[in-house]
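Asks: Predicted model, plus sequence, below.
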Amino acid sequence: MTINELRDYSLSKPGTTYDFPFDEETIVFRVAGKIFALAGINRDPVRVNLKCDPALARDLRAGFESITPGHHMNKEHWNTVACGGDVPDEKLRWLIDHSYELIVASLPKAKRPGIA
(Lines give C-alpha, C1' and ligand atoms only; values in the text may rest on other atoms or scores of the structure.)
Protein backbone atom coordinates (compact mmCIF):
# COMPACT_ATOMS: atom_id res chain seq x y z
CA MET A 1 0.00 0.00 0.00
CA THR A 2 1.36 3.40 -0.94
CA ILE A 3 1.05 6.49 1.22
CA ASN A 4 -1.59 7.84 -1.19
CA GLU A 5 -3.63 4.63 -0.92
CA LEU A 6 -3.27 4.72 2.87
CA ARG A 7 -4.39 8.36 2.95
CA ASP A 8 -7.36 7.77 0.64
CA TYR A 9 -8.52 4.69 2.53
CA SER A 10 -8.18 6.35 5.94
CA LEU A 11 -10.03 9.45 4.76
CA SER A 12 -12.89 7.28 3.47
CA LYS A 13 -13.84 6.61 7.10
CA PRO A 14 -16.71 8.83 8.35
CA GLY A 15 -15.60 11.91 10.27
CA THR A 16 -11.90 11.41 9.53
CA THR A 17 -9.54 14.38 9.30
CA TYR A 18 -5.78 14.60 9.00
CA ASP A 19 -3.05 16.98 10.05
CA PHE A 20 0.70 17.23 10.61
CA PRO A 21 1.02 18.09 14.32
CA PHE A 22 4.54 16.72 14.88
CA ASP A 23 6.45 17.71 11.74
CA GLU A 24 6.02 18.02 7.98
CA GLU A 25 6.68 14.30 7.47
CA THR A 26 4.17 12.59 9.77
CA ILE A 27 0.54 12.51 8.68
CA VAL A 28 -1.94 11.87 11.50
CA PHE A 29 -5.47 10.58 10.90
CA ARG A 30 -8.11 11.42 13.51
CA VAL A 31 -11.77 10.88 14.22
CA ALA A 32 -13.35 13.43 16.58
CA GLY A 33 -9.84 14.69 17.33
CA LYS A 34 -8.49 11.28 18.45
CA ILE A 35 -5.67 9.59 16.55
CA PHE A 36 -6.32 6.22 14.92
CA ALA A 37 -3.39 6.13 12.47
CA LEU A 38 -0.15 7.94 11.71
CA ALA A 39 2.50 7.43 9.05
CA GLY A 40 5.62 9.00 7.59
CA ILE A 41 4.75 10.40 4.17
CA ASN A 42 8.25 10.01 2.75
CA ARG A 43 9.13 6.59 4.19
CA ASP A 44 9.87 3.69 1.89
CA PRO A 45 8.40 1.33 2.73
CA VAL A 46 5.45 3.14 4.26
CA ARG A 47 5.12 2.41 7.97
CA VAL A 48 1.85 3.09 9.72
CA ASN A 49 1.05 3.05 13.44
CA LEU A 50 -2.39 1.64 14.22
CA LYS A 51 -4.29 1.19 17.47
CA CYS A 52 -5.03 -2.44 18.24
CA ASP A 53 -6.68 -4.62 20.86
CA PRO A 54 -3.76 -5.79 23.07
CA ALA A 55 -4.36 -9.55 22.68
CA LEU A 56 -4.76 -9.20 18.93
CA ALA A 57 -1.66 -6.97 18.77
CA ARG A 58 0.45 -9.75 20.31
CA ASP A 59 -0.98 -12.36 17.94
CA LEU A 60 -0.34 -10.15 14.91
CA ARG A 61 3.26 -9.54 15.94
CA ALA A 62 3.78 -13.29 16.30
CA GLY A 63 2.18 -14.00 12.93
CA PHE A 64 3.59 -11.24 10.73
CA GLU A 65 7.21 -10.20 10.42
CA SER A 66 6.10 -6.75 9.18
CA ILE A 67 4.11 -5.99 12.35
CA THR A 68 6.07 -4.72 15.34
CA PRO A 69 5.23 -2.88 18.59
CA GLY A 70 4.13 0.70 17.90
CA HIS A 71 7.09 2.99 17.25
CA HIS A 72 6.97 5.93 19.72
CA MET A 73 3.58 4.66 20.96
CA ASN A 74 2.17 2.60 23.83
CA LYS A 75 3.53 -0.85 22.85
CA GLU A 76 0.54 -2.66 24.36
CA HIS A 77 -2.09 -0.80 22.32
CA TRP A 78 -0.30 0.18 19.10
CA ASN A 79 1.39 -1.71 16.26
CA THR A 80 3.61 -0.46 13.48
CA VAL A 81 2.93 -2.11 10.12
CA ALA A 82 5.54 -1.97 7.34
CA CYS A 83 3.59 -1.87 4.08
CA GLY A 84 4.72 -4.12 1.26
CA GLY A 85 5.94 -6.82 3.63
CA ASP A 86 4.09 -9.98 4.57
CA VAL A 87 0.85 -8.18 5.47
CA PRO A 88 -1.52 -8.21 2.47
CA ASP A 89 -3.23 -4.91 1.62
CA GLU A 90 -6.62 -6.46 2.45
CA LYS A 91 -5.37 -7.27 5.97
CA LEU A 92 -3.90 -3.77 6.31
CA ARG A 93 -7.27 -2.24 5.40
CA TRP A 94 -8.87 -4.47 8.04
CA LEU A 95 -6.29 -3.24 10.60
CA ILE A 96 -7.07 0.39 9.70
CA ASP A 97 -10.77 -0.39 10.16
CA HIS A 98 -10.04 -2.04 13.52
CA SER A 99 -8.03 0.97 14.73
CA TYR A 100 -10.74 3.40 13.60
CA GLU A 101 -13.48 1.30 15.24
CA LEU A 102 -11.59 1.14 18.55
CA ILE A 103 -11.33 4.92 18.63
CA VAL A 104 -14.97 5.45 17.61
CA ALA A 105 -16.13 3.00 20.30
CA SER A 106 -14.20 5.01 22.91
CA LEU A 107 -15.97 8.26 21.98
CA PRO A 108 -19.06 9.53 23.77
CA LYS A 109 -22.08 8.60 21.63
CA ALA A 110 -22.77 12.24 20.78
CA LYS A 111 -19.31 12.59 19.22
CA ARG A 112 -19.44 9.43 17.10
CA PRO A 113 -19.59 10.04 13.33
CA GLY A 114 -23.11 9.84 11.93
CA ILE A 115 -24.84 10.61 15.24
CA ALA A 116 -26.61 13.95 15.33
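Replies: Thanks, I have it. Residues are numbered from 1 along each chain as shown.
Asks: Backbone torsions only: list them for the residue nearest to Gly15 when sequence neighbours are not counted.
Replies: Distances taken as C-beta to C-beta, 6 or more residues apart in numbering place Pro113 nearest to Gly15, at 3.2 Å, with adjacent residues excluded. All C-beta atoms are positioned from the backbone trio N, CA, C, and that covers glycine. Main-chain torsions, Pro113, degrees, to the nearest 10: phi -60, psi 140.
Asks: thinking Pro113 is in contact with Ala105, fair?
Replies: No - using C-beta atoms under 8 Å as the test, Pro113 is too far from Ala105 to be in contact (11.8 Å).
Asks: State the distance from the residue nearest to Gly15 to Asp44.
Replies: 32 Å (C-beta to C-beta, to the nearest Å).
Asks: So between those two, which is more surrounded?
Replies: Neighbours were counted for Pro113 and for Asp44 using other C-beta atoms under 10 Å; Pro113 has more, 13 against 10.
Asks: contacting residues around that one?
Replies: By C-beta atoms under 8 Å, 6 or more residues apart in numbering, the residues touching Pro113 are Lys13, Pro14, Gly15, Val31, Ala32, Val104.
Asks: Just the ones in helices from those, please.
Replies: Cross-referencing the contacts of Pro113 against helices under DSSP state H gives Val104.
Asks: Select only the buried ones of the contacts of Pro113 in PyMOL?
Replies: Command for PyMOL, covering only those of these found buried under the criterion 16 or more other C-beta atoms under 10 Å:
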select buried, resi 13+15+31+32+104
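Asks: quick one, phi psi at Pro54?
Replies: Dihedral angles for Pro54 - degrees, to the nearest 10 - are phi -60, psi -40.
Asks: With Val81 instead?
Replies: phi -110, psi 120.
Asks: Give me the neighbour count for it.
Replies: With other C-beta under 10 Å as criterion, Val81 counts 28.
Asks: pretty sure it contacts Ser66?
Replies: Yes - using C-beta under 8 Å, Val81 makes contact with Ser66 at a distance of 6.1 Å.
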